[in-house]
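Undergrad: take a look and give me a structure for this.
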Amino acid sequence: MADAPPPTGADAMKATLTDRRFSDPEWIFERKLDGIRCIAVRDGGPVRLLSRNDLALDSRFPELAAALERQDGRFALDGEVVAFDRGRTSFERLAQRGQRPVPVFLYAFDLLWLDGRDLRDLPLLERKRRLRGALAWSDPLRQTPYRREHGEALFAQACAKGWEGLIAKRADSPYVSRARSRDWLKLKCEQGQELAIGGWTAPRGSREELGALLLGHFDGEGRLRYAGRVGTGFDRATLRDLARRLAPLRRDDSPFADEVPERATTWVQPRLVAQVAFTEWTRDGRLRHPRFLGLREDKDARDVVRERA
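TA: Numbers count the residues shown, from 1 in each chain. As a prediction, this is how the structure comes out:
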């Protein structure tokens, strides 16, 4: 029998946001990591690290690719590339890697393919058992720990420690590619999501390059809906980098389907994606107290929708 082809980044299983807080012996609970999702493939040739939109991450994280090259066998695993800030995973810290040295780790939580066999139809706990034996685990490669039951207590601990939240997974579930599944649930301690950049406002005072980013998400009909502006979370290097990336995307008219109540704006094609933290959505669909964390190069802007529990 011919080998099954290994999966790609676009095959990554997606979790569904929920406001449920529950304990159930049929589920496992993992820490929600604040990094970049990665499908890592070792199949005889060079190791490939693939983002959710199949961008190659090998050159961005060469130490992770080198660690996987030293392993035996052929495999494809699902995990998260993370950096730490005071003991917590931080996308903001990870986004600084292009500006300064930032140690990174690959936390693996699923095994999708092994020595030519597709494992995605196997139950989750069986895939995790095989993951433990598939690699020799040492930094920067780590396994994501999990617990059975006690989801509510673990969620309370996660929020108290400043984690982003938990991922709850049905213990006997298969791995469903290219779909958002209710067998995997996101339980968030704080609000945050990806949003497309549709323009910027002029800088004021001592700020250079740009003032605030104008953000939006796509609706079911492919229209970009305005979600508000973010003007905090930038340093000078970040502002310069954003201005450089946004300049070639300029356009004459607004990309938003809604009226944008901002003056002195520069519009852009909504190609870049920002990771933004905020306290809540307002009644009119705007972000309250948003803060810029970094750019998400692993996410296609057309896939950015408003996450709802």
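
Undergrad: alpha carbons only for contacts and neighbour counts from here, please
TA: Fine.

Undergrad: and the strands in the stretch 201-309 of the chain?
TA: Here the stretch 201-309 of the chain has its strands, by DSSP state E, counting those that start in this stretch, at 213-218, 224-230, 250-251, 265-268, 273-278, 280-281, 287-288, 291-295.

Undergrad: relative to strand 224-230, how tilted is the fifth one?
TA: In this structure, strand 273-278 runs at an angle of 60 degrees to strand 224-230, with axes from the mean of the first three to the mean of the last three C-alpha atoms, to 10 degrees as the basis.

Undergrad: who does strand 273-278 pair up with?
TA: strand 191-201 (antiparallel), strand 291-295 (antiparallel) (DSSP bridges).

Undergrad: with mean neighbour count as added columns, please give these in a markdown table.
TA: As requested, those are exported to a markdown table (neighbours: other C-alpha atoms under 10 Å):
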| stretch | mean neighbour count |
| --- | --- |
| strand 191-201 | 24 |
| strand 291-295 | 21 |
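
Undergrad: got JSON lines for the ones you listed, with mean pLDDT and distance to V230 too?
TA: Below are those laid out as JSON lines (pLDDT from 0 to 100; distance: least, C-alpha to C-alpha, whole Å):
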{"stretch": "strand 191-201", "mean pLDDT": "94", "distance to V230": "9"}
{"stretch": "strand 291-295", "mean pLDDT": "94", "distance to V230": "6"}
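
Undergrad: select, out of those, the one closest to R88.
TA: strand 291-295 (14.5 Å; C-alpha to C-alpha).

Undergrad: next, the angle strand 213-218 makes with that closest one.
TA: Using the same axes, to 10 degrees: strand 291-295 against strand 213-218 is 70 degrees.

Undergrad: hang on, the earlier thing: in TSV, list the strands paired with strand 273-278 along with distance to A243.
TA: What follows is the strands paired with strand 273-278, written out as TSV (distance: least, C-alpha to C-alpha, whole Å):
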stretch	distance to A243
strand 191-201	9
strand 291-295	12
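
Undergrad: for these, which one sits closest to D118?
TA: Nearest of these (C-alpha to C-alpha): strand 191-201, 30.6 Å.

Undergrad: identify the residues contacting that closest one?
TA: 210-217, 254-256, 262-280, 296, 301, 304-305, 307 (C-alpha atoms under 8 Å, 6 or more residues apart in numbering).

Undergrad: can you get me a residue count around Q71?
TA: Look at Q71: counted by other C-alpha atoms under 10 Å, it has 14 neighbours.

Undergrad: that one touches W137, doesn't it?
TA: No. Assessed by C-alpha atoms under 8 Å, Q71 is found out of contact with W137, at 9.4 Å.

Undergrad: most packed of the strands of the stretch 201-309 of the chain?
TA: strand 213-218 (a mean of 26; mean count of other C-alpha atoms under 10 Å).

Undergrad: quick one: average pLDDT of it?
TA: What strand 213-218 shows for mean pLDDT is 98.

Undergrad: list the strands paired with that strand, with their directions.
TA: Strand 213-218 has these strand partners (DSSP bridges): strand 191-201 (antiparallel), strand 224-230 (antiparallel).

Undergrad: just the CA trace of that strand, in CSV.
TA: This file holds the C-alpha atoms of strand 213-218, laid out as CSV (Å, rounded to 0.1, in the frame of the first residue of the first chain):
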residue,chain,number,x,y,z
LEU,A,213,-4.5,51.3,12.9
LEU,A,214,-8.1,50.9,11.6
LEU,A,215,-9.3,47.4,12.1
GLY,A,216,-12.0,45.1,10.7
HIS,A,217,-13.3,41.6,10.2
PHE,A,218,-15.1,40.0,7.3
